[in-house]
Structure formats: C-alpha cells, structure tokens
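*Asks:* no sequence for this one, just the structure:
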C-alpha cells in the first residue's frame, strides 16, 4: 500500500509537470492502469486524482461564503 505522503508528493509532481492538465493526466493514467488490469495502480491513480482536485479546489473555511 502506498502512503498518503507518497500520494501527496505524486500529486504535487503531476501539478508541477502538467499544470492545468494535471487532473486529465492523472485520470488518463488511472484509465491506462485499469485497461491493463492493474487494479492497485488504478486505485493509486484515482487517489492521486482526488488529491490533485483537493489541492486545486480547497474546501471553503467554516462560515465562508461560497457564492
């Protein structure tokens, strides 16, 4: 099992390398792992994708207006 810190490091590396296409890159890598039958790799890249999304779109602070 890959650690959360490894997922975060990978997510940051993908963001640095692919910038605005980071989510797309992670999704494509997840799809490629799934197509190869690598379910562990697929799950890892889905975690990376979720982490990229969390980094780029942080949750609002309690009481902060969204609209």
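*Replies:* Thanks, I have the structure now. Keep in mind that this is a model prediction, so the values were computed, not measured.

*Asks:* pull up the gap between residue 10 and residue 65, please.
*Replies:* 33 Å (C-beta to C-beta, to the nearest Å). For glycine as for every other residue, the C-beta is placed from the backbone atoms N, C-alpha and C.

*Asks:* same drill for the two, tell me which one is more crowded.
*Replies:* When residue 10 and residue 65 are compared for neighbours, residue 10 comes out ahead with 19 against 5, by other C-beta atoms under 10 Å.

*Asks:* and the gap between the more buried one and residue 62?
*Replies:* In terms of C-beta to C-beta, residue 10 sits 29 Å off from residue 62.

*Asks:* next one: residue 26
*Replies:* For residue 26, the distance to residue 62 - C-beta to C-beta - is 29 Å.

*Asks:* with residue 29 instead?
*Replies:* 34 Å.

*Asks:* when those two are compared, which one has more neighbours?
*Replies:* residue 29 (19 against 5).

*Asks:* what about the nearest residue to the more buried one once chain neighbours are set aside, which helix or strand?
*Replies:* Once flanking residues are discounted, residue 29 sits nearest to residue 45: 4.6 Å by C-beta to C-beta, 6 or more residues apart in numbering. If you go by DSSP states H and E, residue 45 is part of helix 39-56.

*Asks:* what's that helix packed up against?
*Replies:* When contacts are defined as 3 or more C-beta pairs under 8 Å, 6 or more residues apart in numbering; DSSP states H and E, helix 39-56 sits against helix 4-18, helix 22-35.
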